[in-house]
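Enquirer: My questions are about this predicted structure, shown below with the sequence.
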Amino acid sequence: MRWLMASSALAFAVVSAGPAQTQARGTDSLLSVGDYLEYEQVGDPQISPDGKTIVYARSWVDKVNDRWDSAIWVINADGSRNHFLVKGGSPLWSPDGTRIAYVAMAEEPKGPQIFVRWMDAEGATSQVTRLTEAPRSIRWSPDGKSLGFAGFVAKPSEWQIKLPAPPPDAKWTPAPRLADRLHYRLDRAGFTEPGALHLFVVPADGGTPRQITSGDWSAGVAYDGIRFSVNWDWTPDGKTVLLEGLAEGNADLTLQDANIYAVDLASGAMRRLTPERGLWSKPVVSPDGKLVAFVGHPYFAETMHTSDLYVMNADGSGIRNISKGFDRDPAMFGGGTLVWAPDGSGLYFSPDDRGSHNIAFAAVSGTGVRYVTTGAHLLDLGSIARTGVMAGVRSSVRAPGDVVRISLGPKGAEVTQLTNVNDDLLAGKKLASVEEIWYPSTGGTRVQGWIVRPPDFDPGKKYPMLLEIHGGPQGSYNFGFEMMWQAFAASGYVVLYTNPRGSTGYGNAFMTAIEKNYPGPDYEDLMAGVDTVLGRGYVDPNRLYVSGCSGGGVLSSWIIGHTTRFAGAAVRCPITNWISEAGQADVPLFAHSFFAKPFWEDPSKWFEKSSLMYVGKVTTPTLLMTGVLDMRTPIPQAEEFYAALKLRGIPTALLRFEGEWHGTESIPSNWMRTMLYMMSWFDKYGGKPGA
C-alpha cells in the first residue's frame, strides 16, 4: 500500500539461484536471478552550491549479512573523480559548500547520528549528535552554524499502577505494552511508543539539541495516519522555520489533514499560515524569503486526490495556485523534490506523468507548468546549485539508475550521465526488449502498459505470460529499469505490467475512478490488457499467470475469484478481507477510506469488495506469500485465503517470509526467493522452467 498453518513441506522443487557468475565482456549471456547480488542503486544526488561537485548515495548488496548497505560517494559535476567518500547516507551540503552533513551509524551511543565532514583535503569528521532516537529531515541553517532535524519526543504513560515489589532474583513477566491510540504500530518499526515528532536545532560543531516545537501533536504529514518524516525549511534570516503538521484537532483520527506553520526560533511562538482545511505540505522558502511554495489540496473526503503547487507570501497572505490545470501531482504524494529556481522565478519538480518523470517548471507568475526535459524515462530531480545546474537520477527500461547533471540553456536542457554503476553487471548481457502499449478498456478508457519479451524472442512461438500488478492502489509502473521483469523474461516469460484506473500520473479523474469501488474498473483494465497481448498471437492462452504485492495482492486475489483463465497465481502480501484488515493493519483509516460507511453500519460493501468472499469460485492453483512481520497487510490476510482454499481442495501453498515487513523483497535473499518460488510454482502448473 502507499504507502500500499503454512504447509510443512512444498511438493515442488525450488530452483537454486547459484553463485553470481562474472561475465567477461563480449560474452552472450542472459540476466539471472543471482545477478541481483551484483546490482547497485544510486540516489539522493546533492550538488554543491557552486555547482562543481555532487555527493550521492550508492547502495549495494552485502552478500554475507544479507542486507543492502550504502555509502556516500562524490563526483565532480563534469563526471571526473568519482570515488567513495564516507559510510552513511542523506548527505546535505552546507550553505557555503565547505562541509556536508550526513547520517551514519555511531558507536557511542549506538545507532544513527548526525555527522559533519569537511570537504577539504584533510576531510575532518565530527559526530554532532548523541541521540537515543534516529534524527530525520536534516536541514542546515542559512548561516551554516546550526543543523535542524526532526526527532521523536516520548510521552510517558499517565496510567500507573502500584505493583508489589518482586522478591530478590525474581523473573517476573515484563509489563504489558499499553495501546491507547488508533495508530500504535508501524510497519518496519513495530510497536510505537506514545509521543510525537518535533523539530530540534543543534550547533553544527556539536552540542546539546534545543527543541523548537512542542506539544501533543506531531510535525509532518500523516500519510495513512503515521508521520514518517517532516518537510520543513528555514527563512533566509535564520529566525523562523516553516513546517507541516496538524496542531489542531486529533491527528490520530484523521487521514489527510495538515497545515503549514511558521515558528519563531527565539520565542517558540507558532502561527498557522494555511487557513483552509486541507492537506498542505512540503513548504519551501524562496531565496529572498518573500514567498513560500507548498503543495496540497483543500479537504476532500476521498482516499486520494491530486495535489497542486501553491505559493503564498511569507506571512501567509496571497495564497495562489500556480499549477492549476496541470492535473499531475507535483510532488508524487510527498515523495518528490521541490526546489526554487535560484532567481526565485519559479520552482522545479519531477511529476509522475504517464509512466515518465521529467523536470517541469512552474513560474510564480502563474503562467502554467512547462517541461524543461522530455523523454521516456525516469528523470528525478535531486537538488539545484546557485548556478542553476541540477543533479538528478535517470533510469529507463533498459538502463538502471545513474547520477546525471541537468544544465539549462537557451536551447533547452542538457542531461549528462555521470555514473555507470551497473555497467560491469550488464556487460555482455542480453536484455529483454520492452514495448510501451496503449490499449482500450471499458467506458472508452485508454490504459498504458508495457510488454517485456524474452531476449531471444521468436514471434512464431507461444510463450507463458505473467501479468504483474502494482501496489498502492494509487501508484504506477513506469519507464524505469526493473530487475524482476528482466529475470522473468530471461527465464522465458512474456511479462505484462500496466497502469489500470486508480494509478497515478494520468490525472485526478483517472486516479479516483476506483473511489469507493476498489476493486472495480481496474479489474476490467487488467483483463483488457491481457486480451490485447493475447491478440498479438505469441502468448499461450493456457499458460497465463498473475501476481502482485500489496494493492497488487488485492487485485491478484480478486482476479482468480472472478475468472478461471489463469493457470497459476502468486498472491503476495494481499488484503483479502477488508473488515479484518481494518483491525489488523497499522493504518486502519486507509481501509475505512474505501467505503462510504463503517462496516458496523453496513458491512455489505465491505464483503462485496473482499476477495475472500469469492474464494468459492477460485480454481487457480495459488501460492500466497507474505512477510511474517508485515503490519500493513498482515499475514492473517493471506492465512484466511489460504485456509479457505485448503478446505476447498484447491492447490495452494503459503510462504511466510522471515525477517520481512510489508512485501517479500527487502532482504536480498528474499528477493531471489520471491522470484524463484514464483517461477517454480508456475512451472508446476504449466509454465517454463527457469533458465
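Expert: Yep, it's here. Numbering: from 1, shown residues only.
Enquirer: List the residues that contact residue 565.
Expert: Listed by Cβ atoms under 8 Å, 6 or more residues apart in numbering, the contact partners of residue 565 are 530, 541, 544. C-beta: built from backbone N, CA, C; applies to glycine.
Enquirer: show me what contacts the last one?
Expert: By Cβ under 8 Å, 6+ apart, residue 544 lies in contact with 464, 465, 467, 530, 565, 566, 567.
Enquirer: try 7 Å
Expert: Neighbour list for residue 544: 465, 530, 565, 566, 567 [criterion: Cβ atoms under 7 Å, 6 or more residues apart in numbering].
Enquirer: State the distance from the second one to residue 32.
Expert: Same thing as residue 530. Residue 530 is 27 Å from residue 32, where distance means Cβ to Cβ, to the nearest Å.
Enquirer: Which of the three states applies to residue 647?
Expert: What DSSP: H, G, I helix; E, B strand; the rest coil gives for residue 647 is helix.
Enquirer: gap between it and residue 117?
Expert: 60 Å.
Enquirer: the more surrounded of those two?
Expert: More neighbours surround residue 117 than the other of residue 647 and residue 117, with 20 against 9 (other Cβ atoms under 10 Å).
Enquirer: My reading is that that one is in a strand; is that accurate?
Expert: Yes: under three-state DSSP, residue 117 falls within a strand.
Enquirer: For the nearest residue to it once chain neighbours are set aside, list the residues it contacts.
Expert: Once flanking residues are discounted, residue 117 sits nearest to residue 125: 4.5 Å by Cβ to Cβ, 6 or more residues apart in numbering. By Cβ under 7 Å, 6+ apart, the contact list for residue 125 reads 86, 115, 117.
Enquirer: Excluding chain neighbours, what is closest to the first one?
Expert: Leaving out its chain neighbours, the residue that sits closest to residue 86 by Cβ to Cβ, 6+ apart is residue 72, at 5.2 Å.
Enquirer: Toward the C-terminus, what is the element adjacent to the strand or helix carrying residue 244?
Expert: Here residue 244 sits within strand 240-245, counting by DSSP states H and E. For strand 240-245, the succeeding helix or strand toward the C-terminus, using DSSP H and E, is strand 259-264.
Enquirer: Now do that following strand: which elements does it pack against?
Expert: Here strand 259-264 touches strand 240-245, strand 270-272, strand 278-285, going by 3 or more Cβ pairs under 7 Å, 6 or more residues apart in numbering; DSSP states H and E.
Enquirer: Could you dump those into CSV with distance to residue 376, mean pLDDT and mean neighbour count added?
Expert: Listed next are the helices and strands packed on strand 259-264 as CSV, based on distance: least, Cβ to Cβ, whole Å; pLDDT from 0 to 100; neighbours: other Cβ atoms under 10 Å:
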stretch, distance to residue 376, mean pLDDT, mean neighbour count
strand 240-245, 33, 97, 25
strand 270-272, 42, 97, 14
strand 278-285, 27, 96, 24
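Enquirer: With distance to residue 404 added, can I get the ones you listed in JSON lines?
Expert: Formatted as JSON lines, the helices and strands packed on strand 259-264 follow (distance: least, Cβ to Cβ, whole Å):
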{"stretch": "strand 240-245", "distance to residue 404": "29"}
{"stretch": "strand 270-272", "distance to residue 404": "39"}
{"stretch": "strand 278-285", "distance to residue 404": "22"}
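Enquirer: Which stretches in the stretch 401-550 of the chain count as strands?
Expert: Remark: strands assigned in the stretch 401-550 of the chain by DSSP state E, counting those that start in this stretch are 412-417, 429-430, 433-440, 446-453, 463-469, 494-499, 539-549.
Enquirer: Okay, now the sheet partners of the shortest one, with direction.
Expert: To tie it back to what came earlier, the one meant is strand 429-430. Strand 429-430 has its sheet partners listed here by DSSP bridges as strand 29-30 (parallel).
Enquirer: quick one: strands adjacent to the next helix or strand after the partner strand?
Expert: Using DSSP H and E, the helix or strand that follows strand 29-30 in sequence is strand 40-47. If you go by DSSP bridges, strand 40-47 pairs up with strand 53-62 (antiparallel).
Enquirer: hey, C-alpha coordinates of the strand it pairs with in PDB?
Expert: Output of strand 53-62 as PDB, limited to C-alpha atoms (Å, rounded to 0.1, in the frame of the first residue of the first chain):
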ATOM      1  CA  THR A  53      30.700  18.700  -7.100                       C
ATOM      2  CA  ILE A  54      28.000  16.200  -6.400                       C
ATOM      3  CA  VAL A  55      27.600  13.800  -3.500                       C
ATOM      4  CA  TYR A  56      25.200  10.900  -3.700                       C
ATOM      5  CA  ALA A  57      24.200   7.700  -2.000                       C
ATOM      6  CA  ARG A  58      25.400   4.400  -3.500                       C
ATOM      7  CA  SER A  59      23.900   1.100  -2.400                       C
ATOM      8  CA  TRP A  60      24.900  -2.500  -2.900                       C
ATOM      9  CA  VAL A  61      24.100  -6.000  -1.600                       C
ATOM     10  CA  ASP A  62      26.100  -7.100   1.400                       C
END
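Enquirer: which residues touch residue 241?
Expert: For residue 241, the contact set (Cβ under 7 Å, 6+ apart) comprises 148, 199, 212, 232, 233, 234, 263, 265.
Enquirer: Other residues contacting the helix or strand where the second one lies?
Expert: The one in question is residue 199. Using DSSP H and E, the element containing residue 199 is strand 195-203. Contact with strand 195-203 is made by 128-129, 145-155, 209-214, 216-220, 227, 230, 232, 241, 243, as judged by Cβ under 7 Å, 6+ apart.
Enquirer: Keeping just the C-alphas, turn that strand into CSV.
Expert: Presented in CSV, the C-alpha positions along strand 195-203 are these (Å, rounded to 0.1, in the frame of the first residue of the first chain):
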residue,chain,number,x,y,z
GLY,A,195,5.0,10.6,21.6
ALA,A,196,5.4,13.0,18.8
LEU,A,197,7.9,14.2,16.1
HIS,A,198,9.2,17.7,16.8
LEU,A,199,11.9,20.0,15.4
PHE,A,200,15.3,20.5,17.1
VAL,A,201,18.4,22.7,16.4
VAL,A,202,21.9,21.7,17.3
PRO,A,203,25.2,23.6,16.8
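Enquirer: Buried residues of that strand, list them for me.
Expert: Residues of strand 195-203 classed as buried by neighbour count (16 or more other Cβ atoms under 10 Å): 196, 197, 198, 199, 200, 201, 202.
Enquirer: Now that residue 106 has come up, it's in contact with residue 128, right?
Expert: No: counting by Cβ atoms under 7 Å, residue 106 stays clear of residue 128, with 10.1 Å between them.
Enquirer: Among these two, which residue is more densely surrounded?
Expert: The neighbour count for residue 106 versus residue 128, taken as other Cβ under 10 Å, is higher for residue 128 (22 against 16).
Enquirer: and the contacts of strand 195-203, which are buried?
Expert: The neighbour-count test (16+ other Cβ under 10 Å) applied to these identifies 128-129, 146-152, 209, 212-213, 217-220, 227, 230, 232, 241, 243 as buried.
Enquirer: for this structure, where's the lowest mean pLDDT among helices and strands?
Expert: Sorting the helices and strands of the chain by mean pLDDT, DSSP states H and E puts strand 226-227 at the bottom, at a mean of 52.
Enquirer: and residue 185, how many neighbours?
Expert: The number of residues near residue 185, taken as other Cβ under 10 Å, comes to 18.
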